[in-house]
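Visitor: Coordinates for the following, if possible.
(one chain, ligands or ions: 1)
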Amino acid sequence: MNNLGSNMTISAVSRNGLFSGVYLTAVSATNKTIMESPLIGYQQLKGSPTIGFTVKWTFSDSITVFTGQCFINGKGRPVLLMSWLLRSDSDNIKDDWKQTRVGFNNFEKLPTIPI
Ligand SMILES: O=C1C=CC(=NNc2ccccc2C(=O)O)C=C1
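Guide: Have a look, this model is predicted:
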């Protein structure tokens with residue numbers, strides 16, 4: 001869960017660090033219903049790994065790439081400290097210069113939902 005209230009569910013991480021999942025965003029450039037957007041990424045296979053993933057937004061033509069690192073915070077809980085680049089679709093190459101936004105997001109692990 002990030003500070004925007006978005007959250008993501010990550011499937012199993014494969015032996016080479018590849019993972020996939022879904023991203024449920026709490027923000028939306030449009031006022032359409034919130035939908036799941038697929039994500040895929042890699043993490044390093046060590047303690048406090050660096051991580052990167054890409055979200056292909058389902059309800060817009062944008063893509064966001066996240067990169068950062070997983071740390072254990074002062075309360076002993078994992079936290080992802082991430083930077084991101086959000087690329088919005090442009091109809092015109094002349095608008096290319098203003099189509100990429102940058103930001104930072106921290107994600108805290110939600111209690112695991114008992115299956
Ligand atoms: O249609 C869209 C297009 C872009 C979006 N970006 N969300 C983000 C971009 C950067 C960091 C966090 C988020 C988020 O949704 O939590 C969301 C919906």
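Visitor: The ligand contacts on this protein?
Guide: By C-beta under 6 Å from any ligand atom, the residues of the chain that approach the ligand are 2, 4, 6, 25, 27-29, 57, 59-60, 62, 64, 84, 86, 103, 105. For every residue, glycine as well, the C-beta is placed using N, CA and C.
Visitor: Low-confidence ranges, the protein, go.
Guide: Residues of the chain that meet the criterion pLDDT under 70 lie in 28-34, 113-115.
Visitor: Spatially nearest residue to A12, not counting backbone neighbours?
Guide: Spatial nearest neighbour of A12, excluding adjacent residues (C-beta to C-beta, 6 or more residues apart in numbering): F19 at 7.3 Å.
Visitor: Can you name the residues that contact the one you found?
Guide: Listed by C-beta atoms under 8 Å, 6 or more residues apart in numbering, the contact partners of F19 are I10, S11, A12, V13, I40, G41, Y42, Q43, F53.
Visitor: The last one and the ligand, how far apart?
Guide: Applying C-beta to the nearest ligand atom, to the nearest Å, one obtains 11 Å for the distance of F53 from the ligand.
Visitor: ok so, going back, return the set of buried residues in the host helix or strand of the residue nearest to A12.
Guide: Element membership of F19 [criterion: DSSP states H and E] is strand 18-24. Buried residues in strand 18-24, counting neighbours by 16 or more other C-beta atoms under 10 Å, are found at F19, G21, V22, Y23.
Visitor: Could you give the separation of that strand from the chain centroid?
Guide: Distance of strand 18-24 from the chain centroid (C-alpha atoms, centre = their mean, to the nearest Å) equals 8 Å.
Visitor: name the helices or strands packed onto the helix or strand that it is followed by?
Guide: Sequence order places strand 36-43 as the next helix or strand after strand 18-24, per DSSP H and E. If contacts are counted by 3 or more C-beta pairs under 8 Å, 6 or more residues apart in numbering; DSSP states H and E, strand 36-43 sits against strand 18-24, strand 50-56.
Visitor: who's the spatially most central residue of the chain bridged to?
Guide: Using C-alpha atoms, centre = their mean, the residue of the chain that lies closest to the mean C-alpha position is F66, 5.4 Å off. Counting by DSSP bridges, F66 is bridged to F53, W84.
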